[in-house]
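Colleague: Quick one, what's the 3D model for this:
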Amino acid sequence: MPHASDGLYLGLISGTSADGIDAALVRFTDTRPALVAGLVHPWEENLRRRILAVAQDEERLDLDGYGRLDVAVGQAFAGAAQAVLAKAGVNAGDVRAIGSHGQTIRHRPDGEHPFTLQIGDPSVIAEQARIDTIADFRRPDVAAGGQGAPLVPAFHATVLRPDAGARVVLNLGGIANVTRLTPEGGVTGFDTGPANGLMDAWCLRHKGEAFDRDGRFAASGSVDPDLLAELLDDAYFLLPPPKSTGREHFHLAWLDAHPRVAELAPEDVQATLMALSAVSITDAIRLHAADATDVVACGGGVHNAALMHAIAARLEGRALRASGDFGIDPDYMEAMGFAWLAFRRLRGEPGNLPAVTGARGPRLLGALYAAP
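Modeller: Residues are numbered from 1 along each chain as shown. Sure, this is the predicted structure:
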């Protein structure tokens with residue numbers, strides 16, 4: 001029986017690396033959600049550089065600066081929505097809602113006053129895209145004592161639950177996160193630490209390129225075991241889940257604080273950063289999902305052949321596959337997840353998983369900003 005909230009939804013997210021705005025137009029029915037169209041909408045370069053500078057605390061914002069950046073990001077998100085609709089040949093009036101994650105510029109879910117902050121004014125998105133917009137998904141979970149992240153494991157469970165045994169879904173964004181799924185319904189997950197974010201930042205600094213295409217920069221260097229050991233000694237890797245992190249922790253200033261970095265060739269640092277990602281990810285799987293028989297990867301890191309090879313070499317016999325093998329485009333998994341969260345919001349259904357985030361209970365996520 002069709003539900004009143006079934007139909008087309010649009011998911012928008014820009015991840016930790018701010019390498020583009022992922023836009024996914026998704027059709028939801030009582031059966032499996034289907035990607036209708038997807039694209040990566042480019043940032044204007046000066047805006048991207050400012051986002052990254054703010055996110056890793058290289059630039060401080062006054063209130064006027066914050067307000068202007070919030071609106072500029074909202075305008076860019078609206079542009080991404082319009083672009084994917086044009087690609088699909090779909091009218092704005094045919095879309096039930098946009099689920100906008102926004103752009104995280106700070107994530108501090110612990111301490112006396114925990115908070116998470118995503119910008120991209122949803123009123124601007126709703127006004128310019130002419131579609132009801134649901135945004136601010138993370139803060140209700142943080143208010144309930146949770147980490148506010150990762151939120152996509154619930155969507156992973158919807159589209160990638162295994163028929164037998166345990167499975168890990170590995171998202172390789174700027175930060176890596178893992179989701180453990182079982183046929184019986186148990187879902188756990190957390191951020192493991194860096195995936196592409198540090199490598200992207202180091203590549204931009206030394207090569208002037210936004211990312212390390214196919215991992216060639218890293219492959220041209222050699223892993224420095226001493227630096228790798230220093231980086232892996234960070235306290236975050238030892239924390240038990242639930243836990244989450246971001247660029248406010250793992251950024252270039254964090255890397256530069258290790259004196260060994262200045263003694264090495266840039267390509268050797270890049271190779272070591274790739275090893276950091278591979279080791280921290282696979283150690284997390286070994287410790288918290290030892291029963292997993294396969295690992296399904298998604299996110300931009302899927303296209304980094306050297307990173308995928310480094311991870312596969314440490315998976316101790318577990319098969320590593322991309323989510324495309326299961327009919328889910330790895331580039332749009334997260335954007336599809338936020339379309340799904342908007343779908344859940346209109347159905348009046350919780351979007352978080354307390355077992356993942358540590359919240360006190362299920363919560364309805366996202367606030368509705370009505371289109372004109």
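
Colleague: Now find how far off-centre the worst-scoring helix or strand of the chain on mean pLDDT is within its chain.
Modeller: Sorted by mean pLDDT, DSSP states H and E, the helices and strands of the chain end with helix 45-55, the least confident at a mean of 92. With Cα atoms, centre = their mean, to the nearest Å as the basis, helix 45-55 stands 17 Å off its chain's centre.

Colleague: and it, what other elements does it pack with?
Modeller: The helices and strands touching helix 45-55, judged by 3 or more Cβ pairs under 8 Å, 6 or more residues apart in numbering; DSSP states H and E, are helix 63-88, strand 95-108. The way it works is simple: take the backbone N, C-alpha and C, and place the C-beta from them, glycine included.

Colleague: Can you name every helix or strand that the longest one contacts?
Modeller: Yep, that's helix 63-88 we're talking about. Contacts defined by 3+ Cβ pairs under 8 Å, 6+ apart place helix 63-88 against strand 7-14, strand 21-28, strand 34-41, helix 45-55, strand 95-108, strand 115-119, helix 122-129.

Colleague: what's in contact with the fourth one?
Modeller: With contact meaning Cβ atoms under 8 Å, 6 or more residues apart in numbering, helix 45-55 is reached by 14, 16, 18-19, 43, 58-61, 69, 72-73, 76, 103-106, 201, 246-248, 251.

Colleague: out of these, which are buried?
Modeller: By neighbour count, with 16 or more other Cβ atoms under 10 Å, these hold 14, 16, 18-19, 43, 61, 69, 72-73, 76, 103-105, 201, 246-248, 251 as buried.

Colleague: deepest of the helices and strands packed on helix 45-55, which one?
Modeller: Greatest average neighbour count among the helices and strands packed on helix 45-55 goes to strand 95-108 (a mean of 25), per mean count of other Cβ atoms under 10 Å.

Colleague: Could you list the paired strands of that one along with their orientation?
Modeller: Paired with strand 95-108 in the same sheet, following DSSP bridges, are strand 7-14 (parallel), strand 115-119 (antiparallel), strand 133-135 (parallel).

Colleague: now it: how far from the chain's centre is it?
Modeller: Strand 95-108 has its C-alpha centroid displaced from the chain centroid by 11 Å (Cα atoms, centre = their mean).

Colleague: Output it as PDB, nothing but the C-alphas.
Modeller: Provided in PDB are the C-alpha atoms of strand 95-108 (Å, rounded to 0.1, in the frame of the first residue of the first chain):
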ATOM      1  CA  VAL A  95      10.000  16.600  -5.500                       C
ATOM      2  CA  ARG A  96       8.500  16.100  -2.000                       C
ATOM      3  CA  ALA A  97      11.500  17.500  -0.100                       C
ATOM      4  CA  ILE A  98      15.200  18.200   0.000                       C
ATOM      5  CA  GLY A  99      17.200  16.600   2.800                       C
ATOM      6  CA  SER A 100      20.200  18.900   3.300                       C
ATOM      7  CA  HIS A 101      23.100  17.900   5.500                       C
ATOM      8  CA  GLY A 102      24.900  21.200   4.900                       C
ATOM      9  CA  GLN A 103      28.600  21.800   5.400                       C
ATOM     10  CA  THR A 104      30.100  20.900   8.700                       C
ATOM     11  CA  ILE A 105      32.500  23.600  10.000                       C
ATOM     12  CA  ARG A 106      32.800  22.400  13.600                       C
ATOM     13  CA  HIS A 107      31.900  19.200  15.400                       C
ATOM     14  CA  ARG A 108      32.300  19.100  19.200                       C
END
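
Colleague: Going by neighbour count, which residues of whichever strand or helix holds Trp202 are buried?
Modeller: For Trp202, the element it lies in under DSSP states H and E is helix 197-207. By neighbour count on 16+ other Cβ under 10 Å, the buried set for helix 197-207 is Gly197, Leu198, Met199, Asp200, Ala201, Trp202, Cys203, Leu204, Lys207.

Colleague: Can you classify the residue nearest to Ala24 when sequence neighbours are not counted as helix, strand or coil?
Modeller: Spatial nearest neighbour of Ala24, excluding adjacent residues (Cβ to Cβ, 6 or more residues apart in numbering): Ala335 at 3.6 Å. At Ala335 the chain is in helix, as set by DSSP: H, G, I helix; E, B strand; the rest coil.
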